[in-house]
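K.L.:
Everything below, folded, please.
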Amino acid sequence: MLLNYEIAILLSMAAIVVNTLLEPFMILNWYSNLIDRLPEWLSFPLGRCEKCLSGQLAFWYYLISDFNEYNIFVHILFTTTTIFITLILTKLLWKLNR
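P.N.:
Down below sits the predicted model:
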């Protein structure tokens with residue numbers, strides 16, 4: 001069984017990959033065109049922003065997976081840790097692509 005920090009890393013990576021695949025000529029560009037019709041407050045957490053998407057993935061993952069042993073403090077920490085990991089990974093990838 002994966003620990004929470006490992007899941008946070010995987011969720012961060014998934015959000016970055018999905019955000020990358022939304023670019024023109026990529027496989028999820030059709031989804032990008034779909035969410036671009038929505039207001040920003042809705043399109044960002046659905047994939048337009050990798051930080052917002054990773055936060056949503058973490059929020060809902062923790063809510064569903066730890067429903068029986070729910071702890072609001074751990075829920076907030078798990079979600080913010082996932083967003084923080086996404087920030088680190090995007091900065092690292094940005095530096096590597098320079």
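K.L.:
check contacts around the spatially most central residue of the chain.
P.N.:
What sits nearest the mean C-alpha location of the chain, by C-alpha atoms, centre = their mean, is residue 54, with 1.5 Å. For residue 54, the contacting residues are 11, 12, 14, 15, 16, 82, 83, 85, 86, by C-beta atoms under 8 Å, 6 or more residues apart in numbering. Yep, even glycine has a C-beta here, placed from its N, CA and C like the rest.
K.L.:
show me what contacts the first one?
P.N.:
Contacts for residue 11 (C-beta under 8 Å, 6+ apart) come out as 54, 57, 58, 61, 82.
K.L.:
all helices for the protein, in order.
P.N.:
4-21, 29-35, 40-43, 50-65, 72-96 (DSSP state H).
K.L.:
contacts for the shortest one?
P.N.:
Residues from elsewhere that reach helix 40-43 (C-beta under 8 Å, 6+ apart): 35, 36, 48.
K.L.:
6 Å instead?
P.N.:
Contacts to helix 40-43, defined as C-beta atoms under 6 Å, 6 or more residues apart in numbering, come from residues residue 35.
K.L.:
Show me which parts of that helix are buried, residue by residue.
P.N.:
Neighbour-count burial for helix 40-43 flags residue 43 (criterion: 16 or more other C-beta atoms under 10 Å).
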